[in-house]
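Novice: Below is the sequence, then the predicted model.
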Amino acid sequence: MMESNLGSSFSWQTFNYTSVNNLSPDTGVWIVVRWVGPSTSAGVAYQSGDVADHFAAYAESSNSGSTWTQTNDAAFAHALYGTYTVPVTTSTAQIRATTLRVRLNLSSDAGAVLETSTRLMTEPVLVVNP
């Protein structure tokens, strides 16, 4: 985005990337903002001090990206959204529910319970912490 397309005050800008693939949620992503001209152009909002997200980082370069200096307690103001897809293989074990059991405590008396169970006909696959 060219600086001439920006307003006179800070505002959120949206950039869509459709060709970014195979990024793991366990690894980081750097967002690089640079200007084309020979001098500083647009300002970039970032927080310095008391950064809530300890995985966020802020770094600056004064030599066109040859080297970077990271600030430990600063973060670029950002919101990053994406989709994480897990491949399913035929060897993946599935847990199926076969029986439904219900136990009700009818009072504070531990012996006063109503308990029943039934076999499930469809045996649905259980999803535990996907």
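Specialist: Alright, I've got the coordinates. Numbering: from 1, shown residues only.

Novice: So which residues of the protein form strands?
Specialist: Listed in chain order, the strands of the chain (DSSP state E) span residues 46-48, 58-60, 69-71, 74-76, 95-96, 99-105, 113-119, 125-126.

Novice: distance between the fifth one and the chain's centre?
Specialist: Read that as strand 95-96. Strand 95-96 sits 28 Å away from the centroid of its parent chain (Cα atoms, centre = their mean, to the nearest Å).

Novice: what does the fourth one give?
Specialist: In this view, strand 74-76 has its centroid 17 Å away from the chain centroid, taken as Cα atoms, centre = their mean.

Novice: Now that strand: buried residues?
Specialist: 74, 75, 76 (16 or more other Cβ atoms under 10 Å). From N, CA and C alone the C-beta is placed, and that goes for glycine too.

Novice: Tell me which of the strands of the chain is the most buried.
Specialist: Mean neighbour count (mean count of other Cβ atoms under 10 Å) peaks for strand 74-76 among those, with a mean of 18.

Novice: picking up where we left off before, now render the buried residues of strand 74-76 as CSV, adding pLDDT and distance to residue 13.
Specialist: Formatted as CSV, the buried residues of strand 74-76 follow (pLDDT from 0 to 100; distance: Cβ to Cβ, whole Å):
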residue, pLDDT, distance to residue 13
74, 75, 19
75, 74, 17
76, 73, 12
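
Novice: possible to save the residues you listed as CSV with distance to residue 98?
Specialist: Converted to CSV, the buried residues of strand 74-76 look like this (distance: Cβ to Cβ, whole Å):
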residue, distance to residue 98
74, 54
75, 49
76, 50
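
Novice: Closest one of these to residue 103?
Specialist: Nearest to residue 103 among the buried residues of strand 74-76: residue 75, at 48.6 Å, using Cβ to Cβ.

Novice: That closest one and residue 57: what is the separation?
Specialist: Between residue 75 and residue 57 the computed distance is 7 Å (Cβ to Cβ, to the nearest Å).

Novice: Send me stretch 69-79 as PDB with only the CA atoms.
Specialist: Output in PDB follows, covering the C-alpha atoms of stretch 69-79 (Å, rounded to 0.1, in the frame of the first residue of the first chain):
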ATOM      1  CA  THR A  69      17.500  -4.900  16.200                       C
ATOM      2  CA  GLN A  70      14.700  -6.400  18.300                       C
ATOM      3  CA  THR A  71      13.100  -4.500  21.200                       C
ATOM      4  CA  ASN A  72      12.200  -6.900  24.000                       C
ATOM      5  CA  ASP A  73       9.300  -5.000  25.400                       C
ATOM      6  CA  ALA A  74       7.500  -3.600  22.300                       C
ATOM      7  CA  ALA A  75       5.000  -5.000  19.800                       C
ATOM      8  CA  PHE A  76       3.600  -4.000  16.500                       C
ATOM      9  CA  ALA A  77      -0.100  -3.200  16.600                       C
ATOM     10  CA  HIS A  78      -1.600  -6.100  14.700                       C
ATOM     11  CA  ALA A  79      -4.400  -8.600  14.300                       C
END
